[in-house]
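Visitor: predicted model, plus sequence, below.
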Amino acid sequence: MKLNELGHPALTLPVDLDGFSVHIDAERERADIVLARPPFNVISMRGREQLRITFEALDADARVRVIVLRAEGEHFSSGGDIRGFLEASPEHVSKLAWNVAAPTRCSKPVIAAGRGYCFGVGFEISLACDFRLATETTLYALPEQKLGQIPGSGGSARLQKMVGITRTKDIVMRSRRIGGRQAFDWGVATECVPDAELESATDALVDELRSFSPLAQRTAKKLLNDTEDSPLSIAIELEGHCYSRLRSSEDFREGVEAFHAKRRANFTGK
């Protein structure tokens, strides 16, 4: 049985991908999940489940340090297959939020890079990622009110954590669109760059994340996710426990030695 770097069974990517492709660059320790149903890259019900499986497989792939979610063409995604909601079983619909939360559960850094429309589930899965790179053409929206519905895959809940209840009500209850620059000002987007610079900004962020200890990054992501709703005293205590465990890691020793030797650290994730 093939194992990943954590000693867990390696998973395989799904076959016959529905509306997206996967590209792994082992040399750069990078995997790209590319929404590929232009012009609007609508995400099907089947595609959501496959995206979950794909994130889980890439999380278990020792070749991959950073995952990028991006899209072909001028739009990230206009949202989900609306007719698919009417045809889906209640059991299938009940799993939507779990599927979309796959980037959050993934132990590795996940970047969502999108220009143009980023609506509905496209926005929700972006919110589930660790970093969101937007451009001056990006438009974020949760337009479900126009369909007599509400966001159903964690969109309003995650957004409220980021921007507060007043702004979330403005976006959700009015189906309001916000641009990339405003999203950056509100703390939704990590960066907002000129449209022509999205790919180079993504490359730079991938390389920056790869320069850190994979063990420390996995620890930081899990700690931040786990303590998001914790009281401050609990969060500080858990942070201390994680810090203490990392002190015995080979990566920490390497980082300290590299710092004193004024050289670049060679982290191995141990």
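Guide: Perfect, I can see it now. Numbers count the residues shown, from 1 in each chain.
Visitor: so how many other residues sit close to Asp229?
Guide: By other CB atoms under 10 Å, 9 other residues sit near Asp229. Backbone N, C-alpha and C define where each C-beta goes, glycine included.
Visitor: which residues does it contact?
Guide: Asp229 is in contact with no residue at all, counting by CB atoms under 8 Å, 6 or more residues apart in numbering.
Visitor: repeat for Arg181
Guide: Contacts for Arg181 (CB under 8 Å, 6+ apart) come out as Ala134, Glu136, Cys192.
Visitor: what do you get for Leu198?
Guide: Taking CB under 8 Å, 6+ apart as the test, what Leu198 contacts is Ala113, Arg115, Leu133, Thr135.
Visitor: ditto for Ala26
Guide: The contact partners of Ala26, taken as CB under 8 Å, 6+ apart, are Arg63.
Visitor: how much space separates it from Ser200?
Guide: Distance of Ala26 to Ser200, computed by CB to CB, to the nearest Å: 21 Å.
Visitor: kindly report the same for Asp32.
Guide: 15 Å.
Visitor: who has more neighbours, these two?
Guide: Asp32 (20 against 11).
Visitor: so the more buried one is in contact with Ala71, correct?
Guide: No. With contacts defined as CB atoms under 8 Å, Asp32 does not count as touching Ala71, sitting 10.3 Å away.
Visitor: how far away is Pro38 from Val163?
Guide: Following CB to CB, the distance that separates Pro38 from Val163 is 30 Å.
Visitor: again, but for Phe259
Guide: 37 Å.
Visitor: ok, Gly80 next?
Guide: Counting by CB to CB, the gap from Gly80 to Val163 is 22 Å.
Visitor: look at these two and report which has more neighbours.
Guide: More crowded of Gly80 and Val163, by other CB under 10 Å: Gly80, with 24 against 17.
Visitor: so that one bridges to which residues?
Guide: Ile43 (DSSP bridges).
Visitor: for it, what are its contacts?
Guide: Val42, Ile43, Ser44, Met45, Arg48, Gly120, Val121.
Visitor: mind checking the SS state of the spatially most central residue of the chain?
Guide: Per CA atoms, centre = their mean, the C-alpha nearest to the average position across the chain is that of Cys129, at 1.9 Å. The assignment at Cys129 comes out as coil when based on DSSP: H, G, I helix; E, B strand; the rest coil.
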